[in-house]
Structures are given as C-alpha cells and as structure tokens.
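K.L.:
Here is a sequence together with a model predicted from it:
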6 protein chains.
Amino acid sequence: MILPILLIFSLLSSTSNAAVQDFCVADLASPDTPSGFACKKPAAVTVNDFVFSGLGAGGNTSNIIKAAVTPAFADKFAGVNGLGISMARLDLAVGGVIPMHTHPGGSEVLVVISGSICAGFISSSDNKVYFKSLKKGDIMVFPRGLLHFQINAGGTPALAFVSFSSERPGLQILDFALFANDLPSEIIEMTTFLDDAQVKKLKGVLGGTG
Amino acid sequence: MILPILLIFSLLSSTSNAAVQDFCVADLASPDTPSGFACKKPAAVTVNDFVFSGLGAGGNTSNIIKAAVTPAFADKFAGVNGLGISMARLDLAVGGVIPMHTHPGGSEVLVVISGSICAGFISSSDNKVYFKSLKKGDIMVFPRGLLHFQINAGGTPALAFVSFSSERPGLQILDFALFANDLPSEIIEMTTFLDDAQVKKLKGVLGGTG
Amino acid sequence: MILPILLIFSLLSSTSNAAVQDFCVADLASPDTPSGFACKKPAAVTVNDFVFSGLGAGGNTSNIIKAAVTPAFADKFAGVNGLGISMARLDLAVGGVIPMHTHPGGSEVLVVISGSICAGFISSSDNKVYFKSLKKGDIMVFPRGLLHFQINAGGTPALAFVSFSSERPGLQILDFALFANDLPSEIIEMTTFLDDAQVKKLKGVLGGTG
Amino acid sequence: MILPILLIFSLLSSTSNAAVQDFCVADLASPDTPSGFACKKPAAVTVNDFVFSGLGAGGNTSNIIKAAVTPAFADKFAGVNGLGISMARLDLAVGGVIPMHTHPGGSEVLVVISGSICAGFISSSDNKVYFKSLKKGDIMVFPRGLLHFQINAGGTPALAFVSFSSERPGLQILDFALFANDLPSEIIEMTTFLDDAQVKKLKGVLGGTG
Amino acid sequence: MILPILLIFSLLSSTSNAAVQDFCVADLASPDTPSGFACKKPAAVTVNDFVFSGLGAGGNTSNIIKAAVTPAFADKFAGVNGLGISMARLDLAVGGVIPMHTHPGGSEVLVVISGSICAGFISSSDNKVYFKSLKKGDIMVFPRGLLHFQINAGGTPALAFVSFSSERPGLQILDFALFANDLPSEIIEMTTFLDDAQVKKLKGVLGGTG
Amino acid sequence: MILPILLIFSLLSSTSNAAVQDFCVADLASPDTPSGFACKKPAAVTVNDFVFSGLGAGGNTSNIIKAAVTPAFADKFAGVNGLGISMARLDLAVGGVIPMHTHPGGSEVLVVISGSICAGFISSSDNKVYFKSLKKGDIMVFPRGLLHFQINAGGTPALAFVSFSSERPGLQILDFALFANDLPSEIIEMTTFLDDAQVKKLKGVLGGTG
C-alpha cells in the first residue's frame, strides 16, 4: 500500500519548493527589492528563522526619554520578510516617552503588558487628536503614516508590544528628522515656524549641524 | 498675524475629511465589501473606536482544550477596518492546546507574555514542520494560510498575544471544519483517509451530523 | 453583413457595464469604504467626471506662508476614485513656503512649471536630508509618508503641479498637527522637546488650545 | 465530554461571520465600489453562488467572426466577487476569430480543450509579437493589458476556456472601441493613421456614427 | 515619409524594454523574492516562455487516490511569474479523489471538461460546507485558503482544469501535512484530537516518522 | 545632556537602513523583479536619484505626428522605482497628435500647461467615448489600460505633463503594435477587419514586415 501512495505523493508534490512561496526568509546578503529582500534558499531555512528572541529583554531606558524601542523588523527577524507583519517592544521607565513619530510604511497596534500608557495620534484631515490612557491589556491602533506618541502614564515602568502591517514599517522620529542632521536651520525655521533659538537648542542636544 | 494663518489653514485644509482617508472605522450596519466594512461618518468617530479593552481579561479555559482565543478583529475592534492589522489573545491553562488551524487571510506573529508555548507550522511545499518551544518574550511568525498550532509547554498557564496582517484574517480550525458540520462522513473519509470509527467519534464530540 | 456583426457585438458585449470596472466615479452621497467611495451609476457618468478645471487658477497666496495648495483629490475630482492617482497645484509667491508635511497615503512627484523651488525630504532610516534647488521643468519624487517641504527659491512666483500615487493621499502639515488643535501643551512638550514658550507661541498663532 | 467542547466551540468561534471574510458574494443590487460589489448577507449565501453553469453550452458562432465569448465575470458569477479570478468560454467555429482586444484589468491564461488555436499578443515595449499555434491541452498566458487575439487554426471547431487574474478583467475589442460608437471619423483618422474610406467602411459594418 | 515616422518611433519608444514591465518571465537561476522570481533578460524571452504543453497529457492515476494533479505554476510555466495567475490539470479515474487540501496563496476556479465531480469547500467563519456535484462545463470557485476537495462523482474518468489567482498558490494536502513528515505523533494527537492508532496507521501509509 | 540622547538615538535607530524601506532607487545593473528593479545600496543614494531634469526641454516634434513623448519612468528616473508613480512630458506642435494608445500598467492624469488639447478615452464595457477639449490648467484622468489619445486642439504648440499610477506604466501605441513588427498581414486583417491595402500601406510607413 505504501508504494502507490508514494507515487501520488511525488505527483501531488511535483509542486516544488520553488513553486510554492509559503515564505521568503530574508537573505540580507542578496539584493534588496521593492517587495523585500531576496529569499534564503529553502534548504537553508530552519525554525530559527521564524523565531526571534531579541524582544525578551527590556531595552535600556537610562536615557533622556527614559524609554527604549527594540524593533523586530525584517532585517533582524528574517522570517517576516514578505509577510506584511513585524513587531517591536516598547519599554517606558517612569516618566518615559516615545516621542512624536510616524511609520511611513504601515499601521500599528499596541498592547499594554504592564503599567499604563497615554497614547495618541493626530489625523491628517482635520488635525483632530485621538488620545487616551491605556491600562494593562488594552490595545490601540495607530493608522498608517500619522503622527503619534506614547507616554508612561503611571508610577511604574510600562511595557508594551507593538505590531505593524508591514515587515519594514519605518520609523521617523520628528525631532531626529528635524534636528539630528545637517538640514540648514534657516530651512527648518521657514518650514516649521520654530524660532531660531529653539532650533539651535535642539540641534545642540541632538547633534544636528548646519 | 492670526488672520492670514487661518486663511492658509483653510486653503491647505481644503483637503476635506472625505478626501483624506486616514482610517475607515467599520460601520457594521452598512454593507460589507471586498475591501472591508463601509466607514462610519468621520464626525461620529471617537478615540474609543481605536481602543479595545476586550483583551484585558483572560478567556475561559475551563474546556476540553484548556485554552481560549479572544479575537479583536474588525467586527469587534472597528478601528482596524481597512488597516490590514488586528490582534487576538491566547490563554492556555496547564495542558492547554490551540488545535491545528489556519488563517486563510493573513500571516500571524505571536509574542509570549508568560509561561512557555510549543508552537509550530507546516510548510505546503515539502510538508516540513517548523516547531519550537518558546519562552517569555520570544516571538514567532506563522506564514499566511499554513496549518499551525500552539501548546502550553510548561507547568504554568501561558499567555500570548498574536497579531495578524489582516483586519479579518479568518480562523479555520481543522477539527471544526471536518467534524462540526453536516459534511457526510463518507466524504470526510474519502478525502482524509480517516477511519469511519474515528470520524464518527469526533463528529459525536463536536456535534457534527451526516 | 450588419446583422451578424451586431449579433457578435451583443455576444461579446454580454460583458455588461457592471462586469467591467474600467472606472468607479465617486458618488459622494454613498458610503465610503476602505477602497474608496461607492461608484456613481454608469449611466450617470459623463466626460466631466474625468476632467477637473479647479487647478486652472492660482490659489490665494496673500497669507503668512505666501503660498497655496489646491488639491484635486477624489472628493473634488470624482473620476480618480479607485484609480490610485490624483493631483494638486502649488503656488508659491516670492518668499513662499509649503511647510514641513507628510502624505500618509502616497508618494508624490512634483514638476516645476515656473520659477525655482528648493524642495527636500528626510529619510526615516538615518534622518538623512535630500534637498535640491529645482528649476523649471525639473521633477522630484517624495517617497510615501516622509516629511518634506517646498520653498520658493527665486525672485519670482513659482508654480508647480504635484501628483500622488493615491486618489486620497492625505496631507498632514506638521505645525497644524501640533499646534492647531487641543493637544495639551504638556504632551506636545514631552513628545517634541519643544520649549513651553515656543509651543504656546505657535498655538497662539495657529489657534490651538489646551 | 460534549458540553465542554461546545464551550470552546463558542469561544473559538466568537470570530463571527462578519469578522471572517472568506468570500464576498456579489449583491448586484447594492452599491459597487472600487474593490467590487458589496457582499450578499452571509445567511443568504448558498453553494449555487459558487457554481456557474452558463459555460456548459457553446456560444452561438453563426456570426461574422464565427466565434463567441461567454464570460463568467462577477456580475454573472457572483461568487468570484473580490476573489481576483474569473473565467470565460471561447467557441471558434472553423474560420473563427476572436478579434484583437485587451483586458484592461487582468492577465489571462487559455487552455485548449479541442481543436487548435493560433494565439498571440504584442508587447508594449518593443512591439514584439509572440504568437504560436496551440494544440489540445496547451496553455498560454496573455499579460495584463496587452493586445492579443485567438484564431481557429484547424479544420474543426475549437473550444477553449480562459481564466483571468481579476473577477472583472474588462474586454476592449479594438474594432468596437474604434468603430462602434460616435467617435468622430476625423479623430479616428488622426489618431490611427487609417484612411477615411477604411474608417467609414468599418463604421458602416459596426454601426458607428460621427 | 518613412524617416520622420521612424523618428517618432524612436522618440515614443525611448520607453526602453526595461521601463515597461509587460511581463517578467521567471529566471529560475536568479534569486527568488517576495514578489516572485527575478526576470529573464528581455532579449532571451520567446513565445515558448508563455506557452506550456505539460498539461496536455493526463497524470498517472494508478495510485491509491486514483487521481493526479499536474501543476503549471511559475517554476514550471515561467511566463506566469508576476502575473497573478496559474493553472493545473486534475485527472480523476473512476473512484478518484483529490484529498482535502488548501492553497495558502490564492483562490481557485475549476471547470469540468469531462465526467462529473463532487466538489466542496468549508468556510472558516461558521464551518459551513458548500458542496455540489458538477457536470461537464460547470465551473466552481474555491475561496483562498479554505479547505476543499474534489471527488469523481460518476462512472467514467473525470478531467478538470483549475486556475489560481496567484502564480504560486501553494498546495497543502491535509494528510501529507499531518502524516508525511516528522511531526511527533503526540503533537498531532493533541492538536487534532485523533486517536493514537489512527495517527500511527496513517503515518505508516504516508511515510511519516516521529 | 548630549550623551544620553545619543544613546537613545542609537537605540531608536537600531532600525537600520536595511529595515526601513523608505525608497528603493533602481540599480539598473541588478536583476529586475516583478516588483521592480533591485535597489541601489543606500550609501550610494544621493538627492540626484530623486530629481530628473530630462523633462525640462521639449521633445523634437519635427516628425509626422508633430508631437513627442518624453518619459521619466523607472529606467530613466531611478528614484521612482517601487513607489508607484512616474511622469512624462507631451509636446504637441500645431496639428500634433499623440496617437491612440494604452498604458497596460497604470492610470494617467494629464495637466495642460500651455495651448489646448482635445483628449479622450474609450471605455471597455460599452465602447463609450469620453472626450473633451482641455484648456490651460485643466486636468483629465485616463483609467488604466483603456485606449486614449491627445490632439493639439489649438493654433499654438501645446505642452502637457502626465503622471502615472505606476513607475513603469508601459505604452502600447496601436499603430506600432499592429504595423511596426512582423505580425503577418493575414493575421492583422483577420483580427482587425482592416483591408489588405490599408494594412500594407501602414506597414510600409511604419516599417512592418510579413
């Protein structure tokens, strides 16, 4: 009885590994493309490509924002390449803040694991602010590309996991985009209406030049 | 100085609410479409549409699988409609199992919050099994449409959150698909090679007829 | 000879209007969906749905930014609904500025019709600034979701047309998102590192409260 | 043992019908949208929505092209709505021809069931023609939007089934687009370089005016 | 008159082969990506890349399921790469069965060419079974990712062609996924509720270990 | 104060260049894929990849159509690769015509910069013609894949810019597709109903053979 079954096995599975693209584990050494990294050869793929342990430990929050973001995007977590999903871990010490930022490439959902977090986003059509204090177990969605923020709203450290509708959602932090590069202060001031002193102060803090 | 600014405000914002589709909160009373539910009127949208508290409490695990899945898909969590992302909560008591299942419409990432979970999926091309025991903080991705499972791998209850690359990923549990409906036993047996006694036993347990 | 041809005409065209979705002109009175507005009945569609004359005249630049944006998104230009493209007109008087902004839903290409424009965007990965002075006939692309700006770089008025890879790309102007709503100053300050005086000054100018 | 199982059944299936969008059977009486027709209520869906018998009989080939196209697009075959696939049947009597045409919305694969068919398409980049005589069992793909044709290449009637990568691929037959409407002859001649006599002759045959 | 035309020819066709991506014939020797295989150089493409004759002959049905599936996915039929469509041939001898399976990556339409076939699928939301006996010329659609099957319903061999809304839809046959690999029996039993004897019997037949 | 900030800078930006795919500038020397060209290494990207000056000068209209199309698709304008947008410049001398054509891969919007243009397209469902005379500043949209044309409608040269919802929309000019290659005249005549003399005349003009 085994032989005939093996026969259909080979027939039905003439669908080779190449034909079925269940997944495309990122091969970071290969060319990048608009749809993601080229795929690792199927024979080289193991379960460890689909598991990532880098979010197990809290990020270092001994910094001025008292917070840390630890991403598991496709360059770190090769198994999500091409699958349209990824994660990150947020640690907020007491007083911690994830500053105003956007993800140009995807929407985000956040789940509070411990502590409480005040989170919000701003719509583009009418500049309306949607924000709320979230407690343990609450989830919140931040639509793609909109400015948003998270603040520790309690007296204890807060932990959250966030997921994205893209394996490479991007992260544009407003202050870094404006003040941590060589964008001339004159241009910043013209395009943001910020005062020269304010711009120069933040450039000083964030290492910007120009 | 205020007046002229307000002028450009109105000009620049002539982009009305209708033109900018930052989000499309599901209006469950409106027609469903291939791209999701029709949108709630913008004026009726509040921050509560983007926040969901239903995952805060554990599901009831006093059942035969000693586990519970609590979803936050677009019909429960209206804010994710059209955004390509959603979540669910998994509770696994000691000995708990999320049975073999697929999500026809999306990939999944799982993060272990407490306890340990043995999770795995089976590829379609070569029937290879990828499974591993995950500890707290580990994340694992399950590619779209593939059979997968989660089992409490420790001596304590386990908790995980899962996210999907779709706001309505679907959930097809193998045993319910086969044994909890009126699919004639003869067809089940022909298409699964299962023995008649096995099929009838599980139909009995799961309430299937035919 | 005419009769038989008409016969195949009817046969080949048994593909009714409903089956072929060449276009879906927006019916603004119908429900909005994640994929766009519901479609006008085919019989009601005319060539005027596909033509828009509202970009023919310059916007009013007698305002503090000495500039105007006139959009032709799906709510104004119903014919682009569902087609993944739209346009807008930029008028920049001498000294005019389109302030720092993003389009959450699409990439943009700009073509300079007259005058010269200094335009730039900031990447999210390394906060690198890409900016250049553009002359008449130059085109520049601004990738989806990234902060960008346009400044009149010459001594004469400048005119540009911009196109988007979405019929509803959105427009989030940084200053309006931060200072033209009721987002509490304390939150703005925590999430942007801006000084309280700066925040209050701009709220005053832009009509923000809180 | 049955009771507890039913308990998890209800828990796991708290994923309601609305949340899982396995399919969206077209409700032709509801609004059309860019992503397809609105969905029939799940309770009204039956297996007959997913089965179509209209391709069982050959189309009438007693016409000048000695051929017939019988489509099963979403307006006829409601079950494919939103699923990105559809079919049609081609009947070619001896000497039959499916004239030069495009499908604006999708790629096509053709399988020859009986007879032989000469089929081809023209690439847009270099106007290169790809054509071949196909025998029973051969399949050929026609990339999206490109001009293509099918001709009975043998001495017996030919039958083929074609599938499309869209549930509403459209069908633009060149001669009908040019000569079966009120497009002024002068414009046709300017934009096609065809002679006035040729244009008027074909308008006469196909019922065009202007 | 020829020279000026050639001039515009070169102008209009300054759109080089590289710019117009009518198709992307799979180059199996190049890297695979999330969007499909890298493309063959345009100069190497011939009409034979778009035609496949491998479905002309019936598969071998001298096996336990008395059936054969012969796919024409992108690894065999290079021309469909990137076009979102592919085909396969189903041969069912008398008593033949295509066992319960899913296609993780696409929806399917089936057309019966000869014989009769009982086909069905199971929805994920409510485990409802949709099945029907199909006769010659009938078509049926199977939505993406759902469990489905086909059984010869008559006294003669049956032939069907199936098309997919993906050039690499995948094929996950339930029995092979469960019993033809090294997934430990204990895990299978916990996640499917099948009896140990049943699992071991089918592992024996299908060559599974563990 | 700088040190701690730099610390979070490195933490938050652990999102490396590879993880954030803001853009994917085309590397024409690398393999092409269904989603576009492989990406240039981020370190090699400059602002000049996002700016294109090739549309600044008018195309040569000293030809039989008295018109010129100058494209800025991804092979010329590397920065648009993967971004779903591109542009072209249309120059129409007095009496100039852009002949009947389609873009298989995208929709188009046209803005008239000077002169007046009679533009139109033909729907596929009912062969209805939508055409209108456009004046300076008017914009018009041409849905994906449909036959369309542009004619100088005035007594002065006309200039327009067109944008596409694809970085490689393709351009299939009807006359070149039919008469500028080796498609046998017999096939052309069978599939278009054109007279033999007409076909041979245009083949003579456009350099076709066969």
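P.N.:
That came through, no problem.
K.L.:
Grab the nearest non-local neighbour of the closest residue to chain E within chain A.
P.N.:
Closest contact between chain A and chain E, by C-beta to the nearest C-beta, is at residue A:82 (2.9 Å). Where you see a C-beta, it was placed from the backbone N, CA and C, and this is true even at glycine. Nearest residue to residue A:82 in three dimensions, chain neighbours excluded: residue E:34, at 2.9 Å (C-beta to C-beta, 6 or more residues apart in numbering or on different chains).
K.L.:
Contact partners for that neighbour?
P.N.:
A:21, A:24, A:33, A:35, A:36, A:37, A:39, A:81, A:82, F:35 (C-beta atoms under 8 Å, 6 or more residues apart in numbering or on different chains).
K.L.:
Roughly how far does it sit from residue A:30?
P.N.:
To residue A:30, residue E:34 is 12 Å away according to C-beta to C-beta, to the nearest Å.
K.L.:
Also residue A:148?
P.N.:
In terms of C-beta to C-beta, residue A:148 sits 33 Å off from residue A:30.
K.L.:
And the two? Which one has more around it.
P.N.:
Neighbours of residue A:148 and residue A:30, each counted by other C-beta atoms under 10 Å in any protein chain shown, are more numerous for residue A:148; the result is 23 against 16.
K.L.:
quick one: the more buried one and residue A:123 touch, right?
P.N.:
No. Shown here, residue A:148 and residue A:123 do not form a contact pair, counting by C-beta atoms under 8 Å, at 10.5 Å.
K.L.:
And chain A, what are its domain boundaries?
P.N.:
A:56-77+A:84-170, A:175-206 (the TED database).
K.L.:
tell me the mean pLDDT for the shortest one?
P.N.:
What it means is domain A:175-206. The average pLDDT for domain A:175-206 rounds to 97.
K.L.:
Just give the nearest non-adjacent residue to residue A:103, would you?
P.N.:
Using C-beta to C-beta, 6+ apart, the closest residue to residue A:103 is residue A:169 (4.1 Å).
K.L.:
Okay, angle between whichever strand or helix holds residue A:202 and helix C:196-206 too, please.
P.N.:
Residue A:202 is part of helix A:196-206, with elements assigned from DSSP states H and E. Note on geometry: by axes from the mean of the first three to the mean of the last three C-alpha atoms, to 10 degrees, helix A:196-206 and helix C:196-206 are set 130 degrees apart in direction.
K.L.:
Break down chain A into its strands, ranges please.
P.N.:
Listed in chain order, the strands of chain A (DSSP state E) span A:32-33, A:36-37, A:51-52, A:67-72, A:86-92, A:97-102, A:108-114, A:117-122, A:129-134, A:139-142, A:148-152, A:158-164, A:172-173.
K.L.:
The first one close to chain C?
P.N.:
So the one you mean is strand A:32-33. No. Contact of strand A:32-33 with chain C (C-beta under 8 Å from any C-beta of the partner chain) is absent, the minimum separation being 12.1 Å.
K.L.:
which other helices and strands contact that strand?
P.N.:
The contact analysis (3 or more C-beta pairs under 8 Å, 6 or more residues apart in numbering or on different chains; DSSP states H and E) places strand A:32-33 against no helix or strand.
K.L.:
Relative to that strand, what are the paired strands and their orientations?
P.N.:
Using DSSP bridges, strand A:32-33 pairs in its sheet with strand A:36-37 (antiparallel).
K.L.:
Likewise for the last one?
P.N.:
Paired with strand A:172-173 in the same sheet, following DSSP bridges, are strand A:97-102 (antiparallel).
K.L.:
Return the distance of the partner strand from the chain's centre.
P.N.:
12 Å (C-alpha atoms, centre = their mean, to the nearest Å).
K.L.:
Same check on stretch A:108-117?
P.N.:
Relative to where its chain is centred, stretch A:108-117 has its mean C-alpha point 14 Å off (C-alpha atoms, centre = their mean).
K.L.:
Next: stretch A:67-85.
P.N.:
Here the centre of mass of C-alpha atoms in stretch A:67-85, compared against the chain's by C-alpha atoms, centre = their mean, lies 7 Å away.
K.L.:
Where does the prediction get shaky in chain A?
P.N.:
Along chain A, the model assigns pLDDT under 70 to residues A:1-20.
K.L.:
quick one on the thing from earlier: give the residues shared as contacts by residue E:34 and residue A:30.
P.N.:
Residues touching both residue E:34 and residue A:30 (C-beta under 8 Å, 6+ apart) are A:37, A:39.
K.L.:
just to revisit the earlier point, on contacts alone, who are the packing partners of the helix holding residue A:202?
P.N.:
Under the contact definition 3+ C-beta pairs under 8 Å, 6+ apart, helix A:196-206 sits against helix A:174-179, helix A:185-192, helix F:2-12.
K.L.:
Is chain C within reach of the second one?
P.N.:
Yes. Contact between helix A:185-192 and chain C is present through A:187, A:190, A:191, A:192 (criterion: C-beta under 8 Å from any C-beta).
K.L.:
Out of those residues, which is nearest to chain C?
P.N.:
Lowest distance from chain C to those (C-beta to the nearest C-beta) belongs to residue A:191, with 4.1 Å.
K.L.:
Isn't the closest one up against residue C:148?
P.N.:
No. Using C-beta under 8 Å, residue A:191 makes no contact with residue C:148, being 9.1 Å away.
K.L.:
Overlap of the contact sets of the two?
P.N.:
Residues within reach of residue A:191 and of residue C:148 at once, by C-beta under 8 Å, 6+ apart, are residue C:100.
K.L.:
how much space is there between the residue of chain A found nearest chain F and residue E:166?
P.N.:
Closest approach between chain A and chain F, counting by C-beta to the nearest C-beta: residue A:34, at 2.9 Å. Distance, residue A:34 to residue E:166, by C-beta to C-beta: 18 Å.
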